[in-house]
Each structure stands twice: as structure tokens, then as C-alpha cells.
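>>> Could you work out the structure for the sequence below:
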Amino acid sequence: MPRTKLNAALYLALVFASGILVGAVSHRLYETKTVNASAAPRTMEEFRRRYLAEMRARVGANDAQIASVTRILDDTKRKFDDLHAQEKRQKDTIAQQQHDAIAEVLTPKQKIAFDNWRAERAKQAEEQKKKQQKN
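Numbering: from 1, shown residues only. Modelled structure (predicted):
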């Protein structure tokens, strides 16, 4: 009889411990999905506003300094945009070389099917991009 009570107590403790564990994991998952995600700026303009406000509040920057920081941010954005454009051109060149190399190993009939398949994939990617921009 005492062994049965010990087993019951052990099972009861395991059930409570597993409940605590599941609750802790669920709470952590909820916190990371809801609380932290909304704190990040969603647009570059929002990021810029927050950045300049922090410069004023925490660093104590005056209006002339904020104007200089704004020019620096604009210049940096232009440089990054130029870099991204250059990288895109390089990536497009590599992708075209890949396409050309694959097309060389295909028969004329397969080339047509390959081009149609690529066009289909490009259309799907464009639709996915538009869907993501809506959200």
C-alpha cells in the first residue's frame, strides 16, 4: 500500500513539473513573438526618426549637429544603395552565366521547357514578393 502512494505522489509531481515546463516554454515563445517584434522600427523613415530622437535625448546633439548627422545618414544611404546596385548587377551576371551553362547541356526541346520553367518560377517569385509587400 505505501508503494502505491509513493507512485501516485511521483506521478503527480511529474505532471506538475511537466506543466510548469510547458508553461515556461509557452510564455517564452509568446514573449519573443509578440513583445519584441513590435519594438523594432518597420521603415527606414521610422528608424531615422528614432535615431535622431535618441541623438537629441541621450547624446545631447543640438540642431546643427542633427543637420550634420542627417547629411551623414543621407550620404551613407546613398553609398549603401550604390553598393547594393553593384552587387545586384554582379549577381545577375552570375545567374545569367549559370543559365547559359545549363542551356549548353540541354537539347533544343529541353531549352524551351527550361526557359518556360524559369519564366514560371520568376512569375511565382514576383507574386510572392507582392504578397509580402502587402503584409
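
>>> Which neighbouring elements make contact with the helix or strand harbouring residue 90?
For residue 90, the host element (DSSP states H and E) is helix 63-104. Secondary-structure packing of helix 63-104 (3 or more C-beta pairs under 8 Å, 6 or more residues apart in numbering; DSSP states H and E): helix 44-54, helix 108-134. For every residue, glycine as well, the C-beta is placed using N, CA and C.

>>> And the average pLDDT for that helix is what?
Average pLDDT, helix 63-104: 96.

>>> now it against helix 44-54, angle please.
Relative orientation of helix 63-104 versus helix 44-54 (axes from the mean of the first three to the mean of the last three C-alpha atoms, to 10 degrees): 150 degrees.

>>> angle of helix 63-104 against helix 108-134?
Here helix 63-104 runs at an angle of 160 degrees relative to helix 108-134 (the same axes, to 10 degrees).

>>> Off-centre distance for helix 63-104?
18 Å (C-alpha atoms, centre = their mean, to the nearest Å).

>>> Stretch 4-14 now?
Put simply, stretch 4-14 sits 46 Å off its chain's centre (C-alpha atoms, centre = their mean).

>>> buried ones in that stretch?
Residues of stretch 4-14 include none that count as buried (16 or more other C-beta atoms under 10 Å).

>>> How about residues contacting it?
Applying C-beta atoms under 8 Å, 6 or more residues apart in numbering, stretch 4-14 has no contact partners.

>>> Check stretch 71-82 too.
Outside stretch 71-82, the residues touching it (C-beta under 8 Å, 6+ apart) are 44, 48, 51.

>>> among the residues you listed, which ones are buried?
Here, 16+ other C-beta under 10 Å leaves residue 48 buried among these.

>>> Give me the neighbour count for residue 101.
Applying other C-beta atoms under 10 Å, we find 9 residues neighbouring residue 101.

>>> Same check on residue 27?
Neighbours around residue 27, by other C-beta under 10 Å: 10.

>>> What of the one 5 residues further on?
Other residues within reach of residue 32 by the criterion other C-beta under 10 Å amount to 10.
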